[in-house]
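J.: coords below, sequence missing:
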Ligand SMILES: [Cu+2]
């Protein structure tokens, strides 16, 4: 007896270690209750319907199991001959109908509530790109400095490729999270620049498709400060699994300070476009841009995935006319996956990345591009 | 002339040409079924790649682009290659025997509608070996991902879809013509087996929606090659229009894949309960109601596109209504078992599992109909779990039940019951380990169609993958059972099953190459 018990104990111990070290997160079973009125209402609705289904299941499967146990030939059961009953059939048409009405009433109420996007205090335009989100805070008056930035996955490639251990927030971290104040009605105007994406934060019960040519409205009032994470929900191409949504909900004062700092940053960036950069600065900054923006299609060593995503190493464009190369980045290539980055990246970033690709992967043009030169081409393109 | 005519009655021609030129409904039925099984293994292989990549977080085996090709090809091959041809194959084998007809009404078209299918799938699969790669935009191929942003192989995909659509339309015309014109004297509509009824209604659905699918892929073709902008917002088009047109096809398509399953289960449960089907008339009316409702619920796949609230409410209420006729069917099956005299051979096991697991898929379907809750479920693994419950232990289990049930009639031999039961239990356990945890993954927030995931999804993913490997491997048992049964085994009687009712059981086992050349005795035709 004893050795057997010991064996079991050690097995259980091994299993515990396996589970606890492999993943520290809980075995999450259910929808989050979330931090907004709508998310809690949605959760309650979900649970209510679930319990209805469980109850119906118990009755139907119970009747079935009871028949299976008792009415089997091996127990000598003799088949009855009845095969219809108008009364019973009417009853089991009407009862489900009544249950459905009981479900539809709260569902209609929650939906009406969720659709009331009037009287928002902050409006943020959310634009999906392959594969990043752009957040643009709509200004109350046009003299204000505009706050607008991209939010890109910040999980290192080495973690995705299993060369580094994975963080707790693996695939759910971005460089610039969206920041909103708590207890304030924030309206999101969701759209897309290329294919269809969907902006989703489970804790807010907010999910809306981002569709090119359409602007969808959705809103939230977050009640607790915190970091809330979600993901793009609509298949949007290769990197669909790698465009998370991260929202910091903060106290009003903290939000105000953050917003003012962002405005300063925007002012500085505008001025920086006139600065002169050095080769080493450019290569370093360019590599960063490349690793967040270009790497998905053109690959870490610039080999691309031909023919859809051409190689940059040895490419005739990258090693050819400089101005044509910059214009291609600004305007994209219509009808292909190459997007127009003129509005997605700042002149500083564009200059840096062009310098980087023209001097990496075996390309050695020696070109150093200045932000001002890019700026001129962007103006010309508009 | 007369000599060759006589030959014709003696049996099939020999060799490959028998299969190439055949107009015999039984031969064509077998062709469809074998083709479907081959596609089931191919689509299953794609699924194994998906589950292997998702076994652990991180990218291990495949590039994200190839992963997307796998999800797309898995969906297309399973829907158009495995499930639909299997039901057409069963229809070919069974409908003439069930209604006392000598063959299908349009035998040459029957041959044609089968033989274009292998070409469609060869073309679709060949894209896997092309430089640009296979279609990678999901089986629902939403524009503009499938138009402006698609790999160049999308044109092969469009052409393949056209051929599959043509095949389905010809198949349906044939079934409608057969059922309406070739029933034996005495076989009134309300005496037809439910499998015939459900297929008749399915055939009308197919004729109604396959042209819509052809239309939507043609619009894509024009956007890609001829400069139109149906779905291109930059040219004044509308990407949401794509979804409306696609789902106007897509929702009835879902019922196309489940109505014949209802017919199969309605044949098997009474046989093994040794009791007449409860509520035959209400089964027919429920099927017709489901078919009608299937045309007015399509936008429940699109609750998050930003429809006006009136639209959201209409599609929510209409979708919820489907629960009523579906409920009637489930209650009828349970009432058929109630006070029966049941035995549990393999077909009955699959049929019972169908009722239970399909109903679970129905419950999650009802949850998904609730618009505000759908905002949370939409495009997550909850949806993946839902439709796989309806399609795998739903549609596919019904096909397996049908295979075991009618196999002795087709081959003349009893199959190996022990292997059959083993296949059932491994499939039953495998399918639940595979798909049940996906409900949890979806509720916890895992989006569908991603090659890699956050760490909190890791546990349920590896469990799901293990279930997937078990389910996948178990299907090889079915192949063994069928081959063994074709080659030999205990001789089957004409009746085969003690409680079986219907004209096909009055024929010898195996059913002769030509049956009901003269109509059966009307006295053999009973109310169902
Ligand atoms: Cu996306």
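T.: All right, it came through fine. Remember, it's a predicted structure, so these values are computed and weren't measured experimentally.

J.: what's near enough to touch the one residue sitting closest to the centre of chain B?
T.: Closest to where the C-alpha atoms of chain B average out (Cα atoms, centre = their mean) is residue B:83, at 3.0 Å. When contacts are counted by Cβ atoms under 8 Å, 6 or more residues apart in numbering or on different chains, residue B:83 is found next to B:36, B:257, B:391, B:395, B:396, B:399. For every residue, glycine as well, the C-beta is placed using N, CA and C.

J.: so the second one is in contact with residue B:85, correct?
T.: No: assessed by Cβ atoms under 8 Å, residue B:257 is found out of contact with residue B:85, at 11.3 Å.

J.: for the contacts of residue B:83, which single residue is the most surrounded?
T.: Highest neighbour count within these: residue B:395, with 27 neighbours (other Cβ atoms under 10 Å in any protein chain shown).

J.: confidence score at that residue?
T.: Residue B:395 carries a pLDDT value of 95.

J.: hang on, it packs against residue B:257?
T.: Yes: if you go by Cβ under 8 Å, residue B:395 and residue B:257 touch, sitting 4.9 Å apart.

J.: tell me the domain ranges of chain A?
T.: A:27-67+A:85-116, A:122-270, A:275-381 (automatic domain parsing).

J.: give me whichever of these is most buried.
T.: domain A:122-270 (a mean of 19; mean count of other Cβ atoms under 10 Å in any protein chain shown).

J.: any low-confidence regions in chain A?
T.: In the predicted model of chain A, residues A:1-27, A:335, A:382 satisfy pLDDT under 70.

J.: change it to 80
T.: A:1-28, A:142, A:269-275, A:306-308, A:334-337, A:343-344, A:379, A:381-382 (pLDDT under 80).

J.: and the strands in it?
T.: A:122-129, A:132-137, A:148-151, A:178-181, A:186-192, A:197-201, A:206-210, A:216-220, A:226-231, A:244-250 (DSSP state E).

J.: possible to save the ones you listed as a markdown table with distance to residue B:121?
T.: Formatted as a markdown table, the strands of chain A follow (distance: least, Cβ to Cβ, whole Å):
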| stretch | distance to residue B:121 |
| --- | --- |
| strand A:122-129 | 34 |
| strand A:132-137 | 37 |
| strand A:148-151 | 42 |
| strand A:178-181 | 45 |
| strand A:186-192 | 33 |
| strand A:197-201 | 31 |
| strand A:206-210 | 32 |
| strand A:216-220 | 38 |
| strand A:226-231 | 33 |
| strand A:244-250 | 37 |
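
J.: could these be laid out in JSON lines, adding distance to the ion?
T.: Shown next, in JSON lines, are these (distance: least, Cβ to the ion, whole Å):
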{"stretch": "strand A:122-129", "distance to the ion": "5"}
{"stretch": "strand A:132-137", "distance to the ion": "8"}
{"stretch": "strand A:148-151", "distance to the ion": "12"}
{"stretch": "strand A:178-181", "distance to the ion": "15"}
{"stretch": "strand A:186-192", "distance to the ion": "8"}
{"stretch": "strand A:197-201", "distance to the ion": "3"}
{"stretch": "strand A:206-210", "distance to the ion": "7"}
{"stretch": "strand A:216-220", "distance to the ion": "14"}
{"stretch": "strand A:226-231", "distance to the ion": "8"}
{"stretch": "strand A:244-250", "distance to the ion": "10"}
